[in-house]
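Novice: sequence first, predicted coordinates after that:
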Amino acid sequence: MAERLLRGLGALAVLAPFVVGLTAAGADRDGEEVFRFLDSEIVESSGLVLEDDRAHTINDSGDTGRVFTVDVATGETVGVTYWADGPDDVEALAPAGPGHVWVADIGDNTASRDSIEVTRVPVGDGERTVDEETIDLVYPDGQRDAEALLVHPVTGRLYVATKGFFGGELYAAPPELADDAPNMLGLVGETAGIVTDGAFFPDGEHLVLRTYTNAVVYSFPALEQVGAFDLPSQQQGEGIAVASTRAVLLSSEGQQAPVLRVPLPASIRSVLSATAGPTPSPLASSSTSPSATPAPEPEGGARAVDDLTEAAGDRSVWWWVVSGLLGLGVLVVLVRALRPR
């Protein structure tokens, strides 16, 4: 009986982030529309990578394993890479060098996955089907839900930002990834909650994390907040990419959803300009203009492990209780809001 109750409460907790995403109001400001995803197959853009005059995106969980390449001048899909038949919960993309992206199968709404996965796949014009090696990642302290994968523009190291309701964390993957064993993530520090995507700036010394309604810029690796700013209203804002040290680009779920360019506040631009190298083109990939010297690698114990049992954390009963009650509270508020008056 107790186990069924906990499972029920946990299931209710799963709905909380979705309710927040669907009901959150964006800022009363507009972003500049750069293009729209015209492909009717792109209905839940959940990640965004820029590469010269191309944008790469994926649908949220529920789709087959595929990455779309879009011409930013027209919004038309010019390439599709099929990389897996049945991914679990794809939530993010990150740059992986010219003509490649990291696909992040890292969603875990029920906190039940023993490991999460990332795959480096080729992208570009034309259609292709690839069979690439999947890399397993595991948390050192129990399962987490996550929707953001970041890649350091100098070192190429992977980072996962979790989607905690009250607050999240940034975890670092090992500098060298093992493809024949799970890779233990190392905790870097705490971040904002309800993070739906993130990206590094070209200097490698700052990163930005977005939620449904705002974005926060942090120094790296200290994770000291540089500044925060509101984002324009979107159907369900999921993706972010760094266009330059002056602006970010945003994607959203929804059919024919626009990609918006949002200028950074002057206070944040001034900080970034102090460490920026040559200014990249307005739609350059966040990995194309790195600084000359890498930022110090954070500590955190990221390493490969022998098996999943070594890495699996014990899921606390209190996590289910607190999360379940939170989810129940959100549902009650939603029902009352929708009740006819």
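Specialist: On my side now, so go ahead.
Novice: low-confidence ranges in the stretch 151-300 of the chain?
Specialist: Scanning the stretch 151-300 of the chain for pLDDT under 70 picks out 276-300.
Novice: could you measure from the spatially most central residue of the chain over to Thr191?
Specialist: Centroid-nearest residue in the chain: Ala148, 1.9 Å away (criterion: C-alpha atoms, centre = their mean). Distance, Ala148 to Thr191, by C-beta to C-beta, to the nearest Å: 9 Å. C-beta: built from backbone N, CA, C; applies to glycine.
Novice: what does Gly65 give?
Specialist: Taking C-beta to C-beta, one finds Gly65 at 28 Å from Thr191.
Novice: over to Ala274?
Specialist: 22 Å.
Novice: cool, Gly198 as well?
Specialist: Taken as C-beta to C-beta, the span from Gly198 to Thr191 is 8 Å.
Novice: between these two, which has more neighbouring residues?
Specialist: Comparing Gly198 with Thr191 by other C-beta atoms under 10 Å, the one with more neighbours is Gly198, at 29 against 22.
Novice: now do the same for the more buried one: helix, strand or coil?
Specialist: Classification of Gly198 using DSSP: H, G, I helix; E, B strand; the rest coil returns strand.
Novice: wait, it sits on Ala241?
Specialist: No: applying C-beta atoms under 8 Å as the test, Gly198 and Ala241 come out as separate, 9.9 Å apart.
Novice: shared neighbours of Ala148 and Thr191, anything?
Specialist: Common neighbours of Ala148 and Thr191 (criterion: C-beta atoms under 8 Å, 6 or more residues apart in numbering): 161, 209.
Novice: what about Leu272, which helix or strand?
Specialist: Assigned by DSSP states H and E, Leu272 belongs to helix 266-273.
Novice: tell me what the residue lying closest to Gly168 once chain neighbours are set aside is bridged to.
Specialist: When the adjacent residues along the chain are set aside, Gly168 lies closest to Thr162, with 4.3 Å between them (C-beta to C-beta, 6 or more residues apart in numbering). Thr162 has these beta-bridge partners by DSSP bridges: Ala146.
Novice: distance check, Thr162 against Glu169.
Specialist: Applying C-beta to C-beta, the value for Thr162 to Glu169 is 5 Å.
Novice: Leu150 against Pro95, yeah?
Specialist: No: taking contacts as C-beta under 8 Å, Leu150 lies outside contact range of Pro95: 9.4 Å.
Novice: among Thr162 and Glu169, which residue is more densely surrounded?
Specialist: Remark: of Thr162 and Glu169, Thr162 carries more neighbours, 24 against 21, as counted by other C-beta under 10 Å.
Novice: ok, back up a step: which residues touch the residue nearest to the centre of the chain?
Specialist: 91-92, 160-161, 163, 195-198, 209.
Novice: in TSV, list these along with distance to Trp83.
Specialist: Below are the contacts of Ala148 laid out as TSV (distance: C-beta to C-beta, whole Å):
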residue	distance to Trp83
Glu91	15
Ala92	14
Val160	19
Ala161	22
Lys163	23
Val195	24
Thr196	22
Asp197	19
Gly198	22
Leu209	25
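Novice: who wins on neighbours among those?
Specialist: For those, neighbours tallied by other C-beta under 10 Å; top is Ala92, 32 neighbours.
Novice: any idea what that one is bridged to?
Specialist: Under the criterion used (DSSP bridges), Ala92 bridges to Ala104.
Novice: that one contacts Gly47, doesn't it?
Specialist: Yes: contact criterion C-beta under 8 Å: Ala92 and Gly47 qualify, at 4.3 Å.
Novice: ok, back up a step: show me which of the contacts of Ala148 is closest to Arg269.
Specialist: The closest of the contacts of Ala148 to Arg269 turns out to be Leu209 (C-beta to C-beta; 17.6 Å).
Novice: chain neighbours aside, what residue packs nearest to that closest one?
Specialist: Gly198 (4.1 Å).
Novice: return the residues in contact with the one you found.
Specialist: With C-beta under 8 Å, 6+ apart, Gly198 has these contacts: 148-150, 161, 207-210, 240.
Novice: returning to what we had before: so where does the residue nearest to the centre of the chain fall, helix or strand?
Specialist: strand 146-151.
Novice: what segments of the stretch 151-300 of the chain are strands?
Specialist: Assigned by DSSP state E, counting those that start in this stretch, the stretch 151-300 of the chain shows strands spanning 158-162, 168-172, 183-184, 186-191, 197-200, 206-210, 214-219, 225-230, 237-242, 247-252, 258-263.
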